[in-house]
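[1] got a sequence here, can you model it:
(one chain, ligands or ions: 1)
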Amino acid sequence: MCPVFKNPIHQHQFELDGYIVVPDFLLPQDIEHLTRNYYELKDISDVGVGFHSTSHSKNLAYKRAVNQSIQEIFMPKAHLLIHDYQPLVANYTVKEPGQASFFDFHLDWSMVNEREHTSLTIWTPLVDVNATNGNLWVLRGSHKLGYTLRGGPGLFLFASDEVNQPLAPKFEKVVMALRAGTAVIYDHRLFHGSPPNLSGERRLAINQTLCPAATQSWHYHQLSDSLLEVFEVDPDFYCRYDMGTRPSDVKSLGTLRIEPRFLGQEEVNGLIRGERVFEGEGKIPPFS
Ligand SMILES: O=C(O)CCC(=O)C(=O)O
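    So this is what the prediction gives:
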């Protein structure tokens, strides 16, 4: 696979751990702008409870406006760090105060053919985050678990034969305490999650997803326990798509028969081997 990062230290860390941490990815004025933007664009159909993301909205114009306004800020900064990658979709992830904002360990959708390419997310909180207000957790090194396929409806997680079962506790859970504007850039094969926001304030963060520039994005849709359909999708698909439905306005590449081997939450959580808090130690200079 082609290297993702321009800086070999970033690349080495990314290959080893499945993520890197970039302090000061956003400047204070970016944080202020993106926070104001969330409230100015705010969609009235936004569910507004527990954990919610602007990607859950049914309002296409709203999703496109969110996407564009985030990409304008994120992509020039991403290009300083990352080789030739294109934006797929960007959204705000929001945790309202309360237990319902818990988002347990999971994997994001596959967005490319992961046999050949690496897609990723730049996750950046717009407020300081810690164990109380819904910071990010990652399972360090879990991008090496083996080949999986992920997609909709919901967040299905199919594990190939390369993923030995039963799963053993072998990955360290890293609990990130981060300043606002710090980016966690993670491989889409990396398990991550976030605890509930038990503070009294809303927690805002941003997800920007990317894939290599010359690469076709794919979306996997589950038709039955043993059948997936694969679609070639353009970046705007991720705004247009009516979640939960079979994609209708993109090219189908055909179906893929699989031996049902789905990983449940209990098995995923069984991968955790201990816990460590990351508070910025060993951080890598941002744009060197
Ligand atoms: O914003 C968060 O707390 C986590 C978001 C997340 O894990 C996701 O959108 O996949």
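[2] in this structure, what spans have low per-residue confidence?
    44-47, 281-288 (pLDDT under 70).
[3] which bits of it sit near the ligand?
    53, 93, 95, 103, 108, 134, 192, 194, 205, 207 (C-beta under 6 Å from any ligand atom). Placement of C-beta: from N, CA and C, glycine included.
[4] tally of neighbours for the fifth one?
    So that's D108. Using other C-beta atoms under 10 Å, D108 is surrounded by 19 other residues.
[5] quick one: the closest residue to Q71 other than its chain neighbours and the ligand, what's the gap?
    Residue nearest to Q71 in three dimensions, not counting chain neighbours: P87, with 4.9 Å by C-beta to C-beta, 6 or more residues apart in numbering. Using C-beta to the nearest ligand atom, to the nearest Å, one gets 16 Å for the distance from P87 to the ligand.
[6] across the sheet, point out what pairs with P87.
    With DSSP bridges as the criterion, P87 is bridged to L210.
[7] I70 touches L88, doesn't it?
    No. Judged on C-beta atoms under 8 Å, I70 makes no contact with L88 at a distance of 11.7 Å.
[8] contacts only, for L41.
    62, 65-66, 69 (C-beta atoms under 8 Å, 6 or more residues apart in numbering).
[9] could you rerun that using 7 Å?
    Shown in contact with L41 (C-beta atoms under 7 Å, 6 or more residues apart in numbering): 62, 65-66.
[10] can you put those residues in CSV and add secondary structure, neighbour count and distance to G244?
    Listed next are these as CSV, based on DSSP: H, G, I helix; E, B strand; the rest coil; neighbours: other C-beta atoms under 10 Å; distance: C-beta to C-beta, whole Å:
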residue, secondary structure, neighbour count, distance to G244
Y62, helix, 18, 18
A65, helix, 17, 22
V66, helix, 26, 20
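[11] nearest to the ligand, of those residues?
    Of all the contacts of L41, the ligand sits closest to V66, with 13.7 Å by C-beta to the nearest ligand atom.
[12] ok now do the closest residue to the closest one other than its chain neighbours, which residues does it touch?
    Of all residues not flanking V66 in the chain, T54 sits nearest, at 4.7 Å (C-beta to C-beta, 6+ apart). Contacts of T54 were listed using C-beta under 7 Å, 6+ apart, and they are 63, 66, 91-92.
[13] now secondary structure and distance to K170 too, for those, in TSV please.
    Below are the contacts of T54 laid out as TSV (DSSP: H, G, I helix; E, B strand; the rest coil; distance: C-beta to C-beta, whole Å):
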residue	secondary structure	distance to K170
K63	helix	37
V66	helix	37
N91	strand	31
Y92	strand	33
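[14] who wins for most neighbours among these?
    Going by other C-beta under 10 Å, V66 tops the contacts of T54 with 26 neighbours.
[15] before we move on, back to that, show the buried residues in the residues of the chain next to the ligand.
    Neighbour-count burial (16 or more other C-beta atoms under 10 Å) applied to the residues of the chain next to the ligand gives 53, 93, 95, 103, 108, 134, 192, 194, 205, 207.
[16] which element is the last one on?
    If you go by DSSP states H and E, N207 is part of strand 203-212.
[17] now swap in the fifth one and tell me
    Counting by DSSP H and E, D108 is held by no secondary-structure element, helix or strand.
[18] against H33, how distant is A78?
    17 Å (C-beta to C-beta, to the nearest Å).
[19] that should have said Y62, apologies.
    For Y62, the distance to H33 - C-beta to C-beta - is 18 Å.
[20] what about N130, how many neighbours?
    So N130, with other C-beta under 10 Å, has 16 neighbours.
[21] list the contacts of the most centrally placed residue in the chain.
    Centroid-nearest residue in the chain: T121, 4.6 Å away (criterion: C-alpha atoms, centre = their mean). Each residue near T121 by C-beta under 7 Å, 6+ apart is listed here: 108, 186, 188, 207-209.
[22] please enumerate the helices of this protein.
    Listed in chain order, the helices of the chain (DSSP state H) span residues 8-17, 28-41, 60-81, 237-240, 265-269.
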